[in-house]
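K.L.:
Following is a predicted model, sequence given first.
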Amino acid sequence: MNPTKVFHIYAKRECIYNNLTEEEFNIKWTELTAMVGLLHTDYSPIDFSYEEVLKYHGGYCGNTTTEPAGEDSY
């Protein structure tokens, strides 16, 4: 399993963008920080933060379904 680096961006502790690639993050972060300086909003630069996360893909974890026992509902 090779991890993928993704980013989440927060405004006042609320996630506004999640699972961004590094390229997407760089674009959004630049846009957000530029807009705060140009527009009259309720946000200041210190209201924005981000988190860098390693996301793992692949592998086999067995049967992970959480469907209840029974027949299909359709």
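P.N.:
Everything's here; your move.
K.L.:
what about Phe7, neighbour count?
P.N.:
Counted with other CB atoms under 10 Å, the neighbours of Phe7 add up to 19. Heads up, the C-betas are built off the backbone N, CA and C, glycines and all.
K.L.:
Is Ser44 in contact with Gly37, as I believe?
P.N.:
No. Ser44 is beyond contact range of Gly37, at 9.7 Å (criterion: CB atoms under 8 Å).
K.L.:
contacting residues around the residue nearest in space to the middle of the chain?
P.N.:
What sits nearest the mean C-alpha location of the chain, by CA atoms, centre = their mean, is Asn18, with 1.5 Å. Taking CB atoms under 8 Å, 6 or more residues apart in numbering, we find Asn18 in contact with 6, 8-9.
K.L.:
Please narrow these to those residing in strands.
P.N.:
6, 8-9 (DSSP state E).
K.L.:
Same list, these, but as JSON lines with distance to Phe48 please.
P.N.:
Formatted as JSON lines, the ones in strands among the contacts of Asn18 follow (distance: CB to CB, whole Å):
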{"residue": "Val6", "distance to Phe48": "17"}
{"residue": "His8", "distance to Phe48": "12"}
{"residue": "Ile9", "distance to Phe48": "7"}
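K.L.:
Neighbour-wise, which one of those leads?
P.N.:
Ile9 (19 neighbours).
K.L.:
How much space separates it from Tyr43?
P.N.:
12 Å (CB to CB, to the nearest Å).
K.L.:
need the strands for the chain, in chain order.
P.N.:
3-11, 14-20, 48-56.
K.L.:
Out of those strands, which is the most enclosed?
P.N.:
Highest mean neighbour count among the strands of the chain (mean count of other CB atoms under 10 Å): strand 3-11, with a mean of 15.
K.L.:
helices or strands next to that one in the packing?
P.N.:
Judged by 3 or more CB pairs under 8 Å, 6 or more residues apart in numbering; DSSP states H and E, strand 3-11 is in contact with strand 14-20, helix 22-38, strand 48-56.
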